[in-house]
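Trainee: make a model of this:
(chains A and B)
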Amino acid sequence: MRNHRSDTVAAYLFLLPFLALLAVFFLYATARAVYFSFTDYDLFRPPNWVGWRNYVSLFSDALFMAALRNSILFAAIVTAVQTFLALVMAAVLNQRVRGIGLFRAAFYMPSITSSVVITLIFLWMFQRRGLINYLNESLQRAAPVLLAFLVLVVALQALQVAWERRRSLPAGWADPALLVVSLLVAGAVTWVLVVTGVVGYRDVAPVDFIWLQTRDSIPAGAPFWLSVPIPLAAIMIQNVFTTIPTFMLMYLAALQDVPRSHYEAAAIDGANATQQFFRITIPSVAPVTFLVLTLSMIGTLQMFDQVAVFGDAAPLRSVVTLAYFVYNRMFPGAQTPEVGFAAAGAMFLALLTLVVVLLQRRLVRSEGV
Amino acid sequence: MRRILTFTIAATLIGGALAQQIRIMGYGGQDPAILVRLLDEVIGAELAAEGITLTYEPLEGDYNAALFNALSAGTAADIFYIPVETAPGIIATGKVLALDGLFDTTPFLDSLVEAYTVDGRVYGVAKDFNTLAIHYNLDLFEEAGVPVPNEQDTWQSFAEKLRAVAALDGDVYGACFPAGFDRFGAFAFAAGWSPFDDAGATNLLDPAFVEAVTWYTGLVREGVAIQPSDIGQGWTGGCFATDDVAVAIEGAWILGFLRNEAPNLQFGTTLMPVGPSGERGNFLYTVAYGINTDSPNRDAALRVLAALTGPEAQQWVLEQGLAIPSRAALADNPFFLEGTPEANANAVVFRGAADGRVFGFQFGSVGTDWMTPVNDALVAVMTGQASVDAALAEAQRDLDALLQRAR
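Mentor: Just a heads-up that it's a prediction; the model follows:
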């Protein structure tokens, strides 16, 4: 008995340094923030108790409402898209193909690159004369050529498959050997068509889609709570790009544990790749899906860095999130900090994150397991 | 060597009783290097003889946030920079020492002292200042066959010259116009508009303001001017350094940049064009030194303040081409008449402070947040997403809400 107690004491001793840090930088800081959220504290004058006033005025603040809308849409859309894409990418990278290590490393690159650097690069790509508009324009310009090429590929493939089948040989519509021939021949024919001037590049007006400096949102005319500001959509694209690899890695680890025999059995029963993905892969990795959804939700609800780096490049109201709102009120342009108001915003964000994660835990648990 | 050592020891002994270390907080970037050189070459020995040593602590990143943090935590330096646009907020913290009776501010330019005066008390001594001027690319105007901008130019004649240069080539522009009030405001002032009325309210629907917005954004819509970001640049100076943009509307801070980035660019500098009000408009940008009320070495800090803003230090700063001095007596400085493009640019920037409708780069208690609605409106019009009237109506609503909250 005595031995057991001394074990406990030892455990607490080992935990002490961490607990002390936690107490000072987390518990104490949180308690202070909760207290400040009920005061009019501005860092310089002694705080006065104002009750719920800060919380009430949050909801009459246009910037806060925009931040709330942006955060919720951002979290919902980004989490859904990146979870699905991460799983798909993990499934692809789980194949036993020669050189798969190279692809795994390449696909993981965005996650180990600094988020600030990536944001700066994306800022350039999203400029009015940036890469994205340029690619869009090039695509439109080359549309007739690409279309001709595609039609030729499909036609040639159909022709070859029909020919093989007439000779009673088994040939699927996407038979790789035939496809290679189709692609090569279609490429050559398209080249001849372009050279002879039968099909050519179109003259299109330069694409001038404004990604950043705009207050417009998509879909146009949607109600406030459902419209995504275009600059926020740009951040969503970037965020999905940078976070997918992390979650992909988790899924990859989970997928390695799914027994091959399940897939073999399914194949024998006649299930195709799509059916295998939805009937075997997805249910097998349900626990990891829960983890990924939780981490993604927490991460996206608290997104701050990308908005901060976007800075003046986009109107504040179009990109502000709850975390950035808190910072913005804490350090407003040259005014005395509104600590009480900012703390109220921070408390709201903490509560929202907690509620969302609890809700999602109920939903996913009851479904998945 | 021995003599220097003896001198140092003697200085240390004499100053020993009051050996004091004064900390200064200011911008990062090139400022730390400038202060070290200023100390080494001008004021350091004198201060050391009095037993005062200086350390400079640059606050990188968001200066405003870092300074507020330091002030509230009690870790702010004895002396710190007070940018003019954030001065009302910083002074309102009660952490800046009022200098009345402690420091003589009469030798400094009145408009600069005024920017740091709250309720009749002075809280900062401007270290230097800047205004906007037209810097033009000599080669581009020659190629276009039009005279370079000059002091007689009105908005119309200035725009005509820019049009002629822009017509040279699809990739050549007359000017880079950022969608920001920090540059555009000078044109609004030239149209006869004032940022605040007597009651402290702002009217963006004033015909003078509308006229300025229409002219400024019109040149962008027309393709004569372009936003810096649209040609991959972060600011007007970057545009100018590409050699494809005819003019840059910037202060004397562009000179150091051009020296490094475009040493072969032939340029001249002239005053801002005359607006519809018959006068020029301009901003007064400045940074002051303020003293911390909680400084344990107040007397030494005052002594350092005097040295930093003294005639010798300011002459040095001017001759290094770093900034325009804030002392009125330096107006007739021979340096301005040296005839080099840089000296001329400095002289023009100096004259800009007293020519026409000049306003401090300051927005009362709401600080730089004041500019956000205006900037959003400029962007919306420049990119063709809204008409001038619609954009300004929305900006006025946002601004009213902002000012309402601050009251």
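Trainee: CA atoms only for the strand or helix carrying residue B:56, dumped as CSV, please.
Mentor: According to DSSP states H and E, residue B:56 maps onto strand B:52-59. Included here for strand B:52-59 are C-alpha records, laid out as CSV according to Å, rounded to 0.1, in the frame of the first residue of the first chain:
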residue,chain,number,x,y,z
ILE,B,52,25.6,57.6,-20.9
THR,B,53,25.5,54.5,-23.1
LEU,B,54,22.8,53.7,-25.6
THR,B,55,21.3,50.4,-26.7
TYR,B,56,18.9,50.2,-29.6
GLU,B,57,16.2,47.5,-29.6
PRO,B,58,14.6,47.1,-32.9
LEU,B,59,10.9,45.9,-32.8
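Trainee: buried ones in that strand?
Mentor: Going by neighbour count (16 or more other CB atoms under 10 Å in any protein chain shown), the buried part of strand B:52-59 is B:52, B:53, B:54, B:56, B:57, B:58, B:59. Bear in mind the C-beta positions are built from the backbone N, C-alpha and C, glycine included.
Trainee: strands paired with it, and their directions?
Mentor: Neighbouring strands of strand B:52-59 in its sheet, by DSSP bridges, are strand B:20-27 (parallel).
Trainee: export the strand it pairs with to PDB, keeping only CA atoms.
Mentor: In PDB, the C-alpha atoms belonging to strand B:20-27 read as follows (Å, rounded to 0.1, in the frame of the first residue of the first chain):
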ATOM      1  CA  GLN B  20      23.500  55.200 -17.100                       C
ATOM      2  CA  GLN B  21      22.200  52.900 -19.800                       C
ATOM      3  CA  ILE B  22      19.500  54.400 -22.000                       C
ATOM      4  CA  ARG B  23      17.400  52.000 -24.200                       C
ATOM      5  CA  ILE B  24      15.800  53.000 -27.400                       C
ATOM      6  CA  MET B  25      13.000  51.100 -29.100                       C
ATOM      7  CA  GLY B  26      12.400  51.700 -32.800                       C
ATOM      8  CA  TYR B  27      11.800  50.100 -36.200                       C
END
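Trainee: now, which of the buried residues of strand B:52-59 sits nearest chain A?
Mentor: Nearest to chain A, judged by CB to the nearest CB, of the buried residues of strand B:52-59 is residue B:59 at 12.6 Å.
Trainee: for that closest one, which non-adjacent residue is spatially closest?
Mentor: Counting by CB to CB, 6 or more residues apart in numbering or on different chains, residue B:59 lies nearest to residue B:66, which is 4.0 Å off, once chain neighbours are set aside.
Trainee: nearest to residue B:379 among the buried residues of strand B:52-59?
Mentor: Comparing those against residue B:379 with CB to CB places residue B:59 closest, at 29.2 Å.
Trainee: measure the closest one to residue B:68 for me?
Mentor: Relative to residue B:68, residue B:59 is positioned 11 Å away (CB to CB, to the nearest Å).
Trainee: for the helix or strand just after the strand holding residue B:56, packing partners?
Mentor: Using DSSP H and E, the helix or strand that directly follows strand B:52-59 along the chain is helix B:63-73. When contacts are defined as 3 or more CB pairs under 8 Å, 6 or more residues apart in numbering or on different chains; DSSP states H and E, helix B:63-73 packs onto strand B:20-27, strand B:52-59, strand B:79-83, helix B:87-92.
Trainee: who touches residue B:288 in this structure?
Mentor: The contact partners of residue B:288, by CB atoms under 8 Å, 6 or more residues apart in numbering or on different chains, come to B:81, B:82, B:84, B:87, B:112, B:115, B:116, B:123, B:124, B:125, B:126, B:127.
Trainee: from the stretch 201-350 of chain B, which residue is nearest to chain A?
Mentor: For the stretch 201-350 of chain B, CB to the nearest CB, closest residue to chain A: residue B:230, 5.3 Å.
Trainee: what count of nearby residues applies to the residue nearest to residue B:59?
Mentor: 18 (other CB atoms under 10 Å in any protein chain shown).
Trainee: tell me the mean pLDDT over the strand ranked longest in chain B?
Mentor: Taking DSSP state E as the criterion, chain B has its longest strand at strand B:281-291. Across strand B:281-291, pLDDT averages out at 94.
Trainee: now do stretch B:177-192
Mentor: The average pLDDT for stretch B:177-192 rounds to 95.
Trainee: pull stretch A:34-52 out as PDB, backbone CA atoms only.
Mentor: What follows is stretch A:34-52 as a C-alpha-only set of coordinates in PDB (Å, rounded to 0.1, in the frame of the first residue of the first chain):
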ATOM      1  CA  VAL A  34     -12.200  34.700 -19.000                       C
ATOM      2  CA  TYR A  35     -12.100  37.400 -16.400                       C
ATOM      3  CA  PHE A  36     -11.000  40.100 -19.000                       C
ATOM      4  CA  SER A  37     -13.800  39.100 -21.300                       C
ATOM      5  CA  PHE A  38     -16.200  40.500 -18.700                       C
ATOM      6  CA  THR A  39     -14.300  43.800 -18.300                       C
ATOM      7  CA  ASP A  40     -13.500  46.800 -20.400                       C
ATOM      8  CA  TYR A  41      -9.700  46.200 -20.000                       C
ATOM      9  CA  ASP A  42      -7.400  48.000 -22.400                       C
ATOM     10  CA  LEU A  43      -4.000  47.000 -21.100                       C
ATOM     11  CA  PHE A  44      -3.400  50.400 -19.400                       C
ATOM     12  CA  ARG A  45      -6.400  51.400 -17.300                       C
ATOM     13  CA  PRO A  46      -7.500  49.100 -14.500                       C
ATOM     14  CA  PRO A  47     -10.300  46.800 -15.700                       C
ATOM     15  CA  ASN A  48     -14.000  47.600 -14.900                       C
ATOM     16  CA  TRP A  49     -16.500  44.800 -14.700                       C
ATOM     17  CA  VAL A  50     -19.100  45.200 -17.500                       C
ATOM     18  CA  GLY A  51     -20.900  41.900 -17.300                       C
ATOM     19  CA  TRP A  52     -22.100  40.300 -20.500                       C
END
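Trainee: list the buried residues in it.
Mentor: Buried residues in stretch A:34-52, defined by neighbour count with 16+ other CB under 10 Å: A:36, A:37, A:38, A:39, A:40, A:41, A:42, A:43, A:50.
Trainee: which of these fall within helices?
Mentor: Applying DSSP state H to the buried residues of stretch A:34-52, the entries found in helices are residue A:36.
Trainee: TSV for the buried residues of stretch A:34-52, including pLDDT?
Mentor: Shown next, in TSV, are the buried residues of stretch A:34-52 (pLDDT from 0 to 100):
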residue	pLDDT
A:36	95
A:37	95
A:38	96
A:39	94
A:40	90
A:41	89
A:42	86
A:43	86
A:50	92
